[in-house]
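Asks: got a predicted structure here, sequence first:
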Amino acid sequence: MAEPIVPVPLPSVGPSPSIEPVETPPTTPPPRKRRRWIGVLIALVVVAALLVVGFFVADRYAKTYAENYVRERIVEVLKLDPASDVEVDVGTGSVLLQAALGALDEVTVHVDPITFGDISGTAVISATKVPLDSSVPLETLDIQVTVSEENVKKLSSFMSGIDLTSIELKNQLIRVGTEFDLFFFTIPVSVDLNPTAHDGGINFDPVTILLGKDEISVADLRSSPQFSALAGSLLASRDFCVAEFLPQALTVKKVEIVGKTLVLSINGDGTALSDPALSTLGTCPASG
């Protein structure tokens, strides 16, 4: 008889060890997209740089064009010799940006020489808000003409009705000298003239007569019939007309002595560049 089968107990099995997941590093995407964006960025920077350079080149060209145009217009309006030294400055700002707003903020022109008949000097022309549309008036236009003492002497025939022996700019006046023959004596006389703007020109008005160290008021002498008859030509006020050398649109507003120079202030505010009055010379008042 066969022996009974005795069950064999299984070995006890403890809890199975936990298996922790292993972290897998993320897969690095291919760098193609980043490189593509870098390329696009570089291209944009290059294009922007070219645009900036192109703007400055175009602005420089526009500035040169504007300066040449202004120079030609000044030579035409003031009837200057084309060989005259005319320097134009349209400022440091962008001409293209100013043009986009319709006008140049400020224009300065230096002219050497500028001539009025027998005399010549230098001029500084200042204009503001100069429109690109020539039919639109500019805001301000001022011309300062400076005449040296040597050139002022060329106006001797307009200062007095008698021959002058000397002309000197002194103490904001023009001192002229002459001589009178009286009873076999030669008497030196000096007269101080005050230059002012009058009827489109310069008026030379006597204010003081000097006999030696004595100063005599011209107003007092004019009231004296005896002396007035004796020195009437010396006491008379005389004019030098400038209007016939200037466009009708320009007016002499002020005349003064500054140091050893005669300075004329000429104004043309509110004038349009296409105004016929800028192309036509003025006229002098009829002499009485």
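Replies: Happy to help now that I have it.
Asks: contacting residues for the residue nearest the centre of the chain?
Replies: The residue lying closest to the centre of the chain (C-alpha atoms, centre = their mean) is residue 108, at 2.2 Å. With contacts defined as C-beta atoms under 8 Å, 6 or more residues apart in numbering, the neighbours of residue 108 are 88, 89, 91, 124, 125, 126, 127. Where you see a C-beta, it was placed from the backbone N, CA and C, and this is true even at glycine.
Asks: the second one touches residue 107, doesn't it?
Replies: Yes. The pair residue 89 and residue 107 passes the contact test of C-beta atoms under 8 Å, sitting 7.3 Å apart.
Asks: between the two, which has more neighbouring residues?
Replies: A count of neighbours by other C-beta atoms under 10 Å puts residue 107 above the other of residue 89 and residue 107, at 21 against 13.
Asks: which single one of the contacts of residue 108 is nearest to residue 49?
Replies: Among the contacts of residue 108, residue 91 lies closest to residue 49 (C-beta to C-beta), at 25.7 Å.
Asks: what sits against that closest one?
Replies: Contacts of residue 91 were listed using C-beta under 8 Å, 6+ apart, and they are 104, 105, 106, 107, 108.
Asks: switch to 7 Å and redo it
Replies: For residue 91, the residues meeting the contact criterion (C-beta atoms under 7 Å, 6 or more residues apart in numbering) are 105, 106.
Asks: SS state for it?
Replies: Classification of residue 91 by DSSP: H, G, I helix; E, B strand; the rest coil places it in coil.
Asks: all strands for this protein, in order.
Replies: Read by DSSP state E, the chain holds these strands, from start to end of the chain: 85-89, 103-116, 119-131, 140-148, 166-170, 173-182, 185-198, 201-211, 214-217, 238-241, 251-258, 261-267.
Asks: parallel or antiparallel, which strands does the second one pair with?
Replies: The one in question is strand 103-116. Strands adjacent to strand 103-116 in the sheet, as given by DSSP bridges, are strand 85-89 (antiparallel), strand 119-131 (antiparallel).
Asks: wouldn't residue 172 be in contact with residue 255 here?
Replies: No. With contact defined as C-beta atoms under 7 Å, residue 172 does not reach residue 255; the gap is 11.1 Å.
Asks: more neighbours, the two?
Replies: Regarding residue 172 and residue 255, a neighbour count based on other C-beta under 10 Å identifies residue 255 as having more, with 22 against 12.
Asks: which residues does the more buried one bridge with?
Replies: Residues in a beta bridge with residue 255, per DSSP bridges, are residue 264.
Asks: give me the pLDDT value at the closest residue to residue 142 other than its chain neighbours.
Replies: The shortest distance from residue 142 to any residue that is not its chain neighbour, by C-beta to C-beta, 6 or more residues apart in numbering, is 5.0 Å, and that residue is residue 126. Looking at residue 126, its pLDDT stands at 96.
Asks: what's opposite residue 126 in the beta bridge?
Replies: Under DSSP bridges, the beta-bridge partners of residue 126 are residue 108, residue 142.
Asks: counting neighbours, what do you get for it?
Replies: Taking other C-beta under 10 Å as the neighbour definition, residue 126 ends up with a count of 13.
Asks: quick check: residue 94 touching residue 58?
Replies: No. Using C-beta under 7 Å as the test, residue 94 is too far from residue 58 to be in contact (9.9 Å).
Asks: tell me which of these two has more neighbours.
Replies: Comparing residue 94 with residue 58 by neighbour count (other C-beta under 10 Å), the higher total belongs to residue 94, at 16 against 13.
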